[in-house]
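Asker: Sequence and predicted structure are below.
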Amino acid sequence: MSVAYIKVMYRSNTTGHTGQTIQGLLTKHGVLVSLLQYHTETDSSSSGQAAINRAVKMLVEFTEQSDIPFSSAVDLMKAFRFALDHGTVDWKGEDPTELFWRPRSKKQANRIIGYLTNYTDWLILQPGHSGVIINPIREATNHEQKLNWCAYHHKKNNSLLKHLKSNSALEQIKYSREIAKFSEDTVLLEEVKRFPESRFNDLIEKGFISPKISDPNSPYYWDYKSQAMTYLMHYGGVRESELFHIFLSDIGIDMSRNEAVIRIYHPRDGKAPERGYSNREDYLKRKYGLKPRTAYLKTESLHAGWKSPLLDHTDNYMEISFFPPSKAAEFLAIFQLYLKYQHVEQRTNSQPYAFTNIYGEPETKKNFRRRHQAAVRRIGLTPSKLMGTTEHGHRHAYGYRLFEHDFEMVDIQKMMHHKSPSSCLVYISKTGEEIREIMRETERRNPNSAPPTPKFLKVDETQ
């Protein structure tokens with residue numbers, strides 16, 4: 001294809017940044033500069049940048065390969081929407097676009113349309129934007145002209161609402177689009193699997209071990225680091241990505257209970273652990289020459305996401321609540337063994353993170369996932385989201401454990417740090433198999449409550 005992803009050191013004329021690495025798009029007409037500007041001004045995360053870039057790349061490739069006239073932005077977007085929904089291969093197996101796209105789900109297609117709508121809406125608001133020819137940064141390339149046509153189309157649609165006097169009516173209607181999103185099928189709840197409680201100790205004791213050391217009495221036999229990280233997810237409800245933002249200074253001790261006290265700070269806006277710094281971004285930059293891990297590109301090893309959880313304090317942190325509470329003491333014991341025997345600190349003291357690799361560098365998601373998958377296989381299970389044996393299965397186990405012990409929804413929301421109470425529902429609902437087992441048990445206890453079986457299906461016990 002004629003569009004490629006590239007890393008760009010970009011300096012914005014409007015934000016004042018001295019330069020930052022951004023993932024951009026390289027077309028046959030050059031770098032799509034307006035997209036770089038969009039990323040910097042909207043402060044997109046690296047994950048968000050990647051998703052937006054994929055959507056724009058698809059639209060650019062579609063405009064090149066399809067025969068839709070350039071003069072019709074509406075027809076172009078309708079054809080693009082149709083291609084997302086049905087794919088580009090027709091019922092005869094032919095594809096005039098040579099894109100060979102498979103049909104995407106309604107949910108995926110709506111996300112792509114949403115990304116493109118937000119981007120083209122942003123183009124409308126740029127100074128000097130004409131909607132057709134001029135790009136807010138420079139003279140538009142061929143691709144940007146087509147994107148500007150989409151923006152211009154949205155602008156013209158909105159201008160038809162001028163006769164409405166009610167601000168509330170305007171607020172409700174201004175987001176309607178001729179290129180509307182698909183109506184998605186209603187799903188009660190996505191069934192998610194939890195890591196099986198009965199196998200958790202096996203995972204800790206028999207999974208997280210060093211295959212090179214056979215002596216269980218050796219302090220290097222167990223993988224204390226992975227044990228501690230998994231404890232945080234399973235008994236503290238911590239998201240996998242949040243593990244990689246924890247500083248060593250964020251893990252304290254309640255001396256009266258001999259339990260760990262853990263605070264996970266916002267990777268950028270959280271309070272710095274030392275005085276003299278504005279926040280964690282400032283602290284990482286000036287003391288270590290690092291960026292918050294959310295600022296690294298998704299393709300870079302140091303990248304770690306952040307789900308914008310509900311925070312507990314104006315210092316921008318959330319405090320972890322172990323359940324059962326006794327697991328806070330167990331975590332502390334494991335973490336102390338990790339610090340004593342396996343934690344590696346670089347001589348130059350070049351990073352503040354709690355979990356490090358064998359070189360003293362910050363641990364990565366890729367390496368932890370590899371260790372977790374290996375541990376799961378050692379105890380005879382298969383790493384699978386559908387079986388609850390991936391890293392995220394531990395958080396689901398934590399949420400359901402709270403529900404089983406009759407915690408109120410508002411308490412579960414707080415302990416899982418959800419901004420919306422409804423976000424907890426997917427964690428606390430029973431699986432279909434669990435509900436069916438309840439039905440079977442109910443029938444076993446009340447055999448006479450079931451409707452009679454048709455006569456021709458009854459087994460003749462005399463035969």
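Answerer: Thanks, I have the structure now.

Asker: ok but Ala79 is inside a helix, no?
Answerer: Yes: Ala79 sits within a helix when classified using DSSP: H, G, I helix; E, B strand; the rest coil.

Asker: Quickly note the distance from it to Asp90.
Answerer: Distance, Ala79 to Asp90, using Cβ to Cβ, to the nearest Å: 13 Å. Bear in mind the C-beta positions are built from the backbone N, C-alpha and C, glycine included.

Asker: thought Thr27 was touching Ile6?
Answerer: No: using Cβ atoms under 8 Å as the test, Thr27 is too far from Ile6 to be in contact (10.4 Å).

Asker: Which one of those two is surrounded by more residues?
Answerer: Taking other Cβ atoms under 10 Å, Thr27 and Ile6 do not tie; Thr27 has more neighbours (20 against 11).

Asker: Outline the domain layout of the protein.
Answerer: In terms of domains, the chain is parsed into 4-173, 199-425 (source: automatic domain parsing).

Asker: ok, back up a step: of Ala79 and Asp90, which one has the most company?
Answerer: Using other Cβ under 10 Å as the criterion, Ala79 and Asp90 rank with Ala79 on top: 18 against 10.

Asker: Centre of the chain to stretch 254-272, how far?
Answerer: The gap between the average C-alpha position of stretch 254-272 and the chain average comes to 23 Å, counting by Cα atoms, centre = their mean, to the nearest Å.

Asker: looking at this structure, which helix or strand does the model trust least?
Answerer: Ranked by mean pLDDT, DSSP states H and E, the weakest helix or strand in the chain is helix 167-173, scoring a mean of 41.

Asker: Please identify which helix or strand holds Val373.
Answerer: One correction, residue 373 is Gln, not Val. When elements are assigned from DSSP states H and E, Gln373 belongs to helix 365-378.

Asker: contact partners of that helix?
Answerer: Residues outside helix 365-378 that contact it (Cβ atoms under 8 Å, 6 or more residues apart in numbering) are 203, 206-209, 223, 226, 229-230, 240-241, 243-244, 301, 303-304, 355, 357, 382-383, 389-391.

Asker: Buried residues in the helix or strand hosting Asp411, which are they?
Answerer: Secondary structure from DSSP H and E places Asp411 in helix 409-416. Residues Ile412, Gln413, Lys414, Met415, Met416 are the ones in helix 409-416 that count as buried (16 or more other Cβ atoms under 10 Å).

Asker: show me what contacts the closest residue to the fourth one other than its chain neighbours?
Answerer: Right, the one you point to is Met415. Leaving aside its sequence neighbours, Met415 sits nearest to Ser321 (Cβ to Cβ, 6 or more residues apart in numbering; 4.7 Å). Ser321 sits next to Gly236, Gly237, Met415 when contact means Cβ under 8 Å, 6+ apart.

Asker: can you give me the helices for the stretch 1-150 of the chain?
Answerer: Assignment of helices within the stretch 1-150 of the chain using DSSP state H, counting those that start in this stretch yields the ranges 33-42, 46-65, 73-86, 106-124, 142-159.

Asker: Also the stretch 301-450 of the chain?
Answerer: Taking DSSP H, counting those that start in this stretch as the criterion, the stretch 301-450 of the chain carries its helices at 327-341, 365-378, 393-404, 409-416, 425-428, 432-445.

Asker: from the middle of its chain, how far away would the second one be?
Answerer: On the basis of Cα atoms, centre = their mean, helix 365-378 sits 19 Å off its chain's mean C-alpha point.

Asker: same thing with the fifth one?
Answerer: Shown here is helix 425-428, whose average C-alpha point lies 17 Å from the average C-alpha point of the whole chain (Cα atoms, centre = their mean).

Asker: tell me what it is packed against?
Answerer: Packing contacts for helix 425-428, counted by 3 or more Cβ pairs under 8 Å, 6 or more residues apart in numbering; DSSP states H and E, involve helix 393-404, helix 409-416.

Asker: Just put those helices in a markdown table and tack on distance to Asn53 and mean pLDDT.
Answerer: Below are the helices and strands packed on helix 425-428 laid out as a markdown table (distance: least, Cβ to Cβ, whole Å; pLDDT from 0 to 100):
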| stretch | distance to Asn53 | mean pLDDT |
| --- | --- | --- |
| helix 393-404 | 29 | 94 |
| helix 409-416 | 31 | 91 |
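
Asker: now these in TSV, with distance to Lys271?
Answerer: Formatted as TSV, those follow (distance: least, Cβ to Cβ, whole Å):
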stretch	distance to Lys271
helix 393-404	25
helix 409-416	20
